[in-house]
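[1] Prediction below, plus the sequence it came from.
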Amino acid sequence: MLHRTIHLFRKELRLHDNPVLLAALESSEALYPVYILDTAFLTSSMHIGALRWNFLLQSLEDLHKNLGKLGSCLLVIQGQYELVLRDHIQKWNITQVTLDAEMEPFYKEMEANIQRLGAELGFKVLSLVSHSLYNTQRILDLNGGSPPLTYKRFLHILSLLGDPEVPVRNLTAEDFQRCRAPDPGLAECYRVPLPMDLKISLESLSPWRGGETEGLQRLEQHLTDQGWVTSFTKPRTIPNSLLPSTTGLSPYFSMGCLSVRTFFYRLSNIYAQAKHHSLPPVSLQGQLLWREFFYTVASATPNFTQMAGNPICLQICWYKDAERLHKWKTAQTGFPWIDAIMTQLRQEGWIHHLARHAVACFLTRGDLWISWEEGMKVFEELLLDADYSINAGNWMWLSASAFFHQYTRIFCPVRFGKRTDPQGDYIRKYLPILKNFPSKYIYEPWTASEEEQKQAGCIIGQDYPFPIVNHKEASDHNLQLMKQVREEQHRTVQLTRDDADDPMEIKVKRDHSEENIAKGKVARTAE
Amino acid sequence: MKRAGQKVVAGTEAPGTSQTSKKQKTSLCGSGFGESEPCTSMDWGSLPHHVILRVFQFLTLVDRARASSVCRRWNEVFHIPDLWRRFEFELSQPATSYLKSTHPDLIQQIIKRHADHLQYVSFKVDSSTESAEAACDILSQLVNCSIKTLGLISTAKPSFMNVSKAHFASALTVVFVNSKSLSSIKIDDTPLDDPSLKVLVANNSDTLKLLKMSSCPHVSPAGILCVADQCHGLKELALNYYILSDELLLALSSEKHVDLEHLRIDVVSENPGQVQFHTIKKQSWDALVKHSPKVNIVMYFFLYEDEFDAFFREETPVTHLYFGRAVSKAMLGRIGMNCPRLIELVVCANGLQPLDDELIQIAERCKNLTAMGLGECEVTCRGFIEFVKMCGGRLTQLSIMEEVLIPDSDYSLDRLHLEVSKHLGRMWFPDMMPTW
């Protein structure tokens, strides 16, 4: 029996490698491609800033166009998802709802509700996974039922698993011909809204354009352009990587405009064919694997995106300092390296991963000792590729709350910048007020004399803020706090730690065991 | 930032009425053991002392304190000296610190009833001066005690450094004079001075085995020399470079002196170019190693890049090297030339030049190297693999941040980790930071 199907696009905003859409087409006589724009639902689970709204709407517009080329269209229906479904199941005599399977708790709940609705109203529900390289359950199974909690262990498990799931075939016009499309009138009624329709104000336009078409173009450019060597080599030698990338892909993976499986196999083909010296650096595939790692851990860890009740996360009494958090968020820390990064983030919605490391370390374990959850929320709002599990996972990593244990290595906000971009061009671009400072001073302008500041046309404390912390003092103090926390919660630490390959850690362990002998059992208070 | 101070029920008084204690006995016996009525000849309260003592030794202090108010016998056991040999006083200001704090009543009790039982004592304080002063006050009251181990631990600066020298010295004097059998002292980051060391030596020279006094700016080379001259059983010493002298090394190598096992030296500069570092003569180092062939010599460097000139110009028997802030390429070159006993090397930061040559030389000449860590530096993949090949399986710890490795025409990072794993004889990955 052929169905009358609503296909719900949720996070797979694309036509290529879309297994559940393909399954929908193969099993239906009529197909309604729908995106339910439930703003209340979306914003209750994640902060979404103007740039990301815009990216989303562009992606929907692109999806609509591409469906149009195949003889169909996208229907964007606004409203609470359950009400929308109830309404249209009836109106269109729907017998099947297909949707992409996602692992975030709020999406899982949505799917469960739709299942219930299906039982009530009498329609079938079909969902398939396509957001990750592997079916997560396979990874969990190979690791004895629980997620590998270190990246190294994860890589080891993957080496046993073999290749990821293969992308499904592309859709054709024939697929859509067999299957009746929605009436043209509906498309007019449910067109993709414009930003102003949703009252989204745009202060600046991001150089990143949303949508599958753009994503695929970038993918092609990425793979054919030998310039991948320059774009992925460590930015300390090539500062251009800090600038908005013309071949960057992370927001497209995050929105589902690009399939990770497609990308993985395209890369693998290149590895297989090319002479080894023109191989793309492993960081390209690495990006996908890191993504997979965090998805896997998140899928099986309760309360993954917060500290409280999160079994793998250190419970730390971070400072509550609204003023300093605000200054970090709005690029007023007085450290040009940090402020330039936060400026680029706000203006364009993307920053290089090393830049993310710098500002995350500064906010949390390095300088301000503010909770990673606050940083995570800011990234959610501003980053185009903000992804529920990946964002949380990375923030826990960078704050040394989980996964990362070389807490003695704190990035210096002056030195890190200097090593990455010695001339300071990045600073000059995003903080034009500082552009006349010579490279010698541009990362620490407060060290310039009054005369030099006058010459640069920027008085520190007046035109640009003083640094909000003394980095050495703050980081020394924080190091002690972190040491204390890790001592007290050593069991949690061990969960996400590889056998120590780090002599510094061994040294730290040795010191502690000496102290422990002196302390003895008596001093060990309740854990 | 706040955390409630630890609430401890100090078992100062015997339980009230016998009815209360019977009730408590019942609840203890009733739970989990199926007895509904206490048998007076076989209840928990009448276990022999040494049995209860054994059980108590497994409990935390809080649990023991609670148990001590159950019945008279348990209360007696709570106060048996054996349970008060080791104690760590945790002192912090609840308003500003989230560290735990030992309850003042408990502190009073210990001073009153258990001061003379204390043998292994430490004080853990937060950054506030009040906490450090409280520690000194407690120390001053430990008059009738025979402490063997003393540790003063600041979890954050400045704590003890802000206590007045006089107050600090007089507190230490009480312990130094009265204990007479101190064997292990950890007083890093304190206003310790030469006269206090003299008092220490005068009373404990036969028993002192371990002295850790890094970052004690009031001690002079003469002060520590006095310790080395008199305390011939000293096995472990930690101090700052500026008080290290040729005379000290020779004193530690005198015939009367036992073998030194562990010497830790911190080389610190607060502001660039502030300090001129003296050199230690090769003969002094030679004498030390001749006298104590197995000694670990551990050096921590926190210097700016152009301050390393004085070091490692001649053969130096250092075994563990940590460069916390930065280290120059030239210095690493000299280490390869002159540190044949090197076992562990950790470099947190270097410049932008690849360290291939320096590492290869280290692999060649430091045949005892088993552990290495590299932070913000650069090494080409080819150079790194060469290094690992030369060291082979003796490298039991190898920690390199992925960003350190520069891919070149021979190796990508992917191939590199397989090559390295092969040479080490185990699965190895660099330390990776997430890319997203």
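    Structure's in. What do you need?

[2] contacts and neighbour counts: CA atoms only from here.
    Fine.

[3] ok, longest strand in chain A?
    If you go by DSSP state E, chain A has its longest strand at strand A:28-37.

[4] Could I get the full set of strands for the stretch 201-350 of chain B?
    Remark: strands assigned in the stretch 201-350 of chain B by DSSP state E, counting those that start in this stretch are B:210-212, B:236-240, B:262-268, B:296-302, B:320-323, B:344-349.

[5] Out of those, which is closest to B:Ile110?
    strand B:210-212 (25.8 Å; CA to CA).

[6] helices and strands around that closest one, which ones?
    Here strand B:210-212 touches strand B:184-186, strand B:236-240, going by 3 or more CA pairs under 8 Å, 6 or more residues apart in numbering or on different chains; DSSP states H and E.

[7] run the last query once more with 10 Å
    Counting contacts by 3 or more CA pairs under 10 Å, 6 or more residues apart in numbering or on different chains; DSSP states H and E, strand B:210-212 packs against strand B:149-154, strand B:184-186, strand B:236-240, strand B:262-268.

[8] That strand pairs with which strands?
    strand B:184-186 (parallel), strand B:236-240 (parallel) (DSSP bridges).

[9] in the stretch 301-436 of chain B, which spans are helices?
    B:329-338, B:356-365, B:381-391, B:413-424 (DSSP state H, counting those that start in this stretch).

[10] quick one: is the last one near chain A?
    Yes - counting by CA under 10 Å from any CA of the partner chain, chain A is contacted by helix B:413-424 at B:413-415.

[11] Quick check: which element contains A:Lys440?
    Assigning secondary structure by DSSP states H and E places A:Lys440 in helix A:439-442.

[12] What is the subsequent helix or strand relative to that helix?
    Immediately after helix A:439-442, counting by DSSP H and E, sits helix A:450-456.

[13] Around chain A, pick out the residues from the stretch 1-150 of chain B.
    So far as CA under 10 Å from any CA goes, the stretch 1-150 of chain B lies against chain A at B:1-3, B:6, B:56-64, B:83-90, B:97-100, B:102, B:119-123, B:126-127, B:148-150.

[14] other SSEs contacting the helix holding A:Lys440?
    Judged by 3+ CA pairs under 10 Å, 6+ apart, helix A:439-442 is in contact with helix A:415-420, helix A:425-430.

[15] Save these as JSON lines, and put in mean pLDDT and mean neighbour count too.
    Formatted as JSON lines, the helices and strands packed on helix A:439-442 follow (pLDDT from 0 to 100; neighbours: other CA atoms under 10 Å in any protein chain shown):
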{"stretch": "helix A:415-420", "mean pLDDT": "84", "mean neighbour count": "20"}
{"stretch": "helix A:425-430", "mean pLDDT": "94", "mean neighbour count": "19"}
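
[16] could the ones you listed go into TSV alongside distance to A:Leu481?
    Formatted as TSV, these follow (distance: least, CA to CA, whole Å):
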stretch	distance to A:Leu481
helix A:415-420	23
helix A:425-430	32
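
[17] want to throw the strands paired with strand B:210-212 into TSV with mean pLDDT and mean neighbour count?
    Output for the strands paired with strand B:210-212, formatted as TSV (pLDDT from 0 to 100; neighbours: other CA under 10 Å):
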stretch	mean pLDDT	mean neighbour count
strand B:184-186	95	21
strand B:236-240	96	21
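
[18] what angle do the helix or strand hosting A:Gln287 and helix B:413-424 make?
    Per DSSP H and E, A:Gln287 falls inside helix A:283-299. Comparing the axes of helix A:283-299 and helix B:413-424 via axes from the mean of the first three to the mean of the last three CA atoms, to 10 degrees yields an angle of 80 degrees.

[19] quick one, what contacts residue 152?
    As the question left the chain open, I've gone with chain A. A:158, A:293, A:497-498, B:427-432 (CA atoms under 10 Å, 6 or more residues apart in numbering or on different chains).

[20] nope, chain B
    Counting by CA under 10 Å, 6+ apart, B:Leu152 has contacts B:88-89, B:121-125, B:132, B:135-136, B:160, B:185-190.

[21] For it, name its beta-bridge partners.
    Beta-bridge pairing of B:Leu152 under DSSP bridges involves B:Phe123.

[22] do the same with A:Ala101
    According to DSSP bridges, beta-bridge pairing links A:Ala101 with A:Val129.

[23] Against A:Asn135, how distant is it?
    According to CA to CA, to the nearest Å, A:Ala101 and A:Asn135 sit 11 Å apart.
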